[in-house]
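> Test case, fold it:
(chains A and B)
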Amino acid sequence: MLPGIIALALATIYLCALLAVERQLFIIGLLVLAVVAVLGAHWMGWLAAIGRSFADREGALGVLAIVAVGAVAASFHDNHFVLLLIVTVLLYTVATLGLNMQFGYAGVLNFAGASFFGIGAYTSAVLNAHTTAPPLLVLLIGGLTAALIGSLLLWPVLRTRGHYAALVTIAFALLLKAFLEVNDVLGGPQGLQVKGMTIGGWSFNDNIELGNVELSFYLSYFVLSLALLAGAFILVRRLERSWIGLNLDALRLDETAAICFGLNIARWKITAFTLGNFLIGIAGALFGMVGGFVAPNNYTFADSLILVSILLLGGAGNPWGLAVATVIVIVVPEKLQTIQEYRFLLYAVLVIAVLLFRPEGLLPRPARNYFPGWRP
Amino acid sequence: MDPGLLAQYVMNGLMVGMTYALVAVGFTLFFGVLDIIQFSHGDVLTVGAFAALLTFVGLRSAGGGAGAILLLAMIIVAIFAMAALGMLIARYLVLPLRTAPALNTLLITLMLGTVLRESVRLFYPQGANPKPFPALLPSNSLSLGNFNLRLDNVIMLTAGALVIAGVEFLLNRTKLGLAIRAVAQDEETARTMGINFVAIVLIAFAIGSGLAAFAGIMNGLYYNEINFGMGLYLGIIGFAAAIIGGLGSIYGAILGGFLFAALQTIGTVALPFASAYKDVFAFAVVIIFMAWRPTGLIQEKISERV
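Residues are numbered from 1 along each chain as shown, chains lettered A, B, ... in the order given. Presented below is the predicted three-dimensional model:
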C-alpha cells in the first residue's frame, strides 16, 4: 500500500504546484518534469508497484484520493478560477465514467457524449428557471432526461454495429446542436442562463464566510461534485466487478460467443447505454449550474470527441486511468494558454499516436481482480 | 404547385444529390477494397475545397488568367493534392491498422478528420469564418416562367455526371478497375493472381479522395461559400447515402445520393418548419433510416457487413 500512498502524496503536491504557478515557462517546466518523472518511474518499475498497491487496497487508497483532492481544493479555497477548474475535472470524470460504461465495458459506441452532457445542462437551466423543483431532484431529472432522449437512439444503435452505430451517434450530435441553435424556446445560439443551486436555504452561489476567512462559493459545488464522482466511481467499479460487468465484457469481446452463452445482447446494451447516458446527464446538469450558463457551442461534436479522447488516452475500462486522463486533458490547456486554441487539434493528434503505438491507452485496464490481493 | 417552382426544386435537388453521390462513391470505394469506413472522407473534401481556393488566390495574385483556365488549374491542383493525401492516409494510418480491431481504424480516421478540420480552421487565414468561393463559371441564365435555368448549374451537373461515368468506366471497363474489383471481392485470391494489393488500395484511396476534392469544388461553386465544417456535414450524409444504396456498390451509392437529396428537398417543401430545421431534418432522416434499413435498400449478397 505504501507505493500508492507515496504516489498520491506526490500527485497532490504536484497538482497544487501546477495549479498555483502562473508563469507559462514554469508550467512548461512542470509538465516536462511530470513526463520525465513518469517515464523514469516506469523504467524503475515503480509504476507497476503503484498499480499493484491500487489493485490490492483500492478502498483505502480511494478514501485517500478523496482526501488528496480535498486537500488540493482546500489550498485554493479563495481562488474561484482554480476551484472551477477542479470542479470541471470532477464532473468531466463522471461523464467519462458514463462513457466508459458504454464504450469501455459494453463496446457500444457513443460519439455524442457532449450532447448528453448538454441535455443535462439544458434540463437544469429550464427546470431551475420555470419550476421550484429541489436542486438534487433537478440533477436526477437531468440524468433521466439524457437517458430518455438517449433511448430514442436505442433502436438504431441496437440494430447496427461498429461504423454504423458510430454514424448514428455522430448524426445525433450534429442534430442536437443544429436543433438547439434554431430553437428559440431554448435560447437559440445565445443559450440560457442557469440559476445556481440552493439547498435548505443555503445558496451555493454566495461566498462562504468562516470567521475571518472567506471561502469561494465554488467550494459548495466542489463538495457536491466530489460526492457525485465518488458515488459514480463506486457504482461503476461495483458493476464492473459484478456478473453484470462480466456480461458486458463478454458482449464487447465477442457478441456471437456471448449469444451462444445465453446472454441477452439487447438487454445489456440497453443497460450500459442508458446507465452511461444517465451518468453523463447528471454530470451535465450539475455542470450547467456551476457554469451558470448553457449554449449550443459548448456541446459540439468536437467536445464529444474530447470525451472520447479522454477515454482512449486513459485506457478504456480503467476508471483510475480516466481520472488521470481527465486531469491532463482539462487542466493542461487551461494552464497553458498558448495551446488552448489548438486543443482539439492537439488531442486528436495525441489520440492518433496512442492508437498507433499504445492502443490500450496510457494506463491500460488491468486483468480482472476477483479478490483483493489475488494474482492471476 | 407552380411547374416553374417545381423545376427549381428539382434542379436544386439534382445539384445537391450530385455532391452527395460523389462523396458516397468514395465511401463505397474504400469499403470495397478494405472493408473500412474512412470517417475523415468528408474533411478531405473540405481540405480539397480550401486547396482549390488557395490555388485561386495564389494564381490571381500572380497575374491570373481567364476564368476557365483558373478553374481548370484549381480542379487539377485540388484533385491531385487530395489524391496524394488519400494515399498518405491509406499508407500510414489505415493499412498499418489492418490487424488491429476495426474499431481502431474508425477512431483513427475520426480523429484524423478532426485534425484536418481543425488545421483548416486554425491555419488557413481566418479559417474559422466562412470563405467566399469565386464564381468562375458563366452566370448566364435562361428564364422559363418562374424557373431560372442557370448555365453554371448545367455545367456542374454535366461535369459531375461525366466524372461519375468516368469512374464507372474505369472500374468496369479497364484492367485497373478489374484489379480493384478483384481486391474488393477477395483479397487473398487477388493477391495470388499477382495483383499488387497495396498499390490497388492506394489507387482506390487516391480516386475516392480526388472525387471528394471535385465534390468540394462543386459545392463551393454552387453555394459561393466554403467553411471548415462543411465536410463533416457532407461526410455524414454521404456515408448515409452510401449505406442507403448498400455499401460496396457504386450504383447504389449514386442512387443513395440522389435519393437522399430528393428526400431532403421534399422535406423542405412539404414541412412548413423544415427550412429553419433543415439540418435537423437531414440528420433525423439519417438516424431513422439507419433504424429502419441498416443494410440499405439494395440488400447485399453477403450480410456480415453491419
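> Pull up the residues of the stretch 1-150 of chain A that are close to chain B.
Within the stretch 1-150 of chain A, the positions adjacent to chain B are A:107, A:109, A:111 by Cβ under 8 Å from any Cβ of the partner chain. The C-beta positions use only the backbone N, C-alpha and C, and glycine is treated the same way.
> how many other residues sit next to the second one?
This means residue A:109. 26 (other Cβ atoms under 10 Å in any protein chain shown).
> quick one: contacts for it?
A:102-103, A:162, A:165-166, A:169, B:103, B:106 (Cβ atoms under 8 Å, 6 or more residues apart in numbering or on different chains).
> what's the answer for residue B:8, then?
By Cβ under 8 Å, 6+ apart, the neighbours of residue B:8 are B:146-148.
> One more: residue B:77?
B:51-52, B:55.
> confidence score at residue 182?
By default, I'm working from chain A. We have a pLDDT of 87 for residue A:182.
> To clarify, I was referring to chain B.
Reported pLDDT for residue B:182: 90.
> Can you tell me how far it is from chain A?
24 Å (Cβ to the nearest Cβ, to the nearest Å).
> Mind telling me what element the residue nearest to the spatial centre of chain A is part of?
In chain A, the residue lying closest to the centroid (Cα atoms, centre = their mean) is residue A:93, at 2.1 Å. Using DSSP states H and E, residue A:93 maps to helix A:80-99.
> quick one: buried residues of that helix?
In terms of neighbour count (16 or more other Cβ atoms under 10 Å in any protein chain shown), helix A:80-99 has its buried residues at A:82-99.
> buried stuff in the helix or strand following that helix?
Where DSSP H and E defines the elements, the next helix or strand beyond helix A:80-99 is helix A:113-130. For helix A:113-130, a neighbour-count test (16+ other Cβ under 10 Å) marks A:113-128 as buried.
> Check stretch B:266-281 too.
Across stretch B:266-281, burial judged by 16+ other Cβ under 10 Å covers B:267-268, B:274, B:277-281.
> Which parts of chain B are helices?
B:3-34, B:41-61, B:67-89, B:102-123, B:151-173, B:175-185, B:187-192, B:197-223, B:230-244, B:250-270, B:278-292 (DSSP state H).
> just how off-centre is the third one within its chain?
On the basis of Cα atoms, centre = their mean, to the nearest Å, helix B:67-89 is displaced by 14 Å from the centre of the chain it belongs to.
> so that helix versus helix B:197-223, what angle?
Relative orientation of helix B:67-89 and helix B:197-223, computed by axes from the mean of the first three to the mean of the last three Cα atoms, to 10 degrees: 140 degrees.
> hang on, the earlier thing: I'd like the buried residues of stretch B:266-281 written out as a markdown table, with pLDDT and distance to chain A added.
Converted to a markdown table, the buried residues of stretch B:266-281 look like this (pLDDT from 0 to 100; distance: Cβ to the nearest Cβ, whole Å):
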| residue | pLDDT | distance to chain A |
| --- | --- | --- |
| B:267 | 82 | 14 |
| B:268 | 80 | 14 |
| B:274 | 62 | 11 |
| B:277 | 81 | 6 |
| B:278 | 80 | 8 |
| B:279 | 81 | 4 |
| B:280 | 86 | 5 |
| B:281 | 85 | 9 |
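> Check the closest residue to residue B:137 other than its chain neighbours and give its pLDDT.
With Cβ to Cβ, 6 or more residues apart in numbering or on different chains as the criterion, residue B:137 has its nearest non-adjacent residue at 3.6 Å, and that residue is residue B:152. At residue B:152 the predicted local confidence, pLDDT, stands at 86.
> just residue A:373 next, same as before
We have a pLDDT of 59 for residue A:373.
> Strands along chain A, start to end?
All strands of chain A, identified by DSSP state E, fall at A:192-193, A:198-199, A:202-203, A:208-210, A:213-215, A:293-294.
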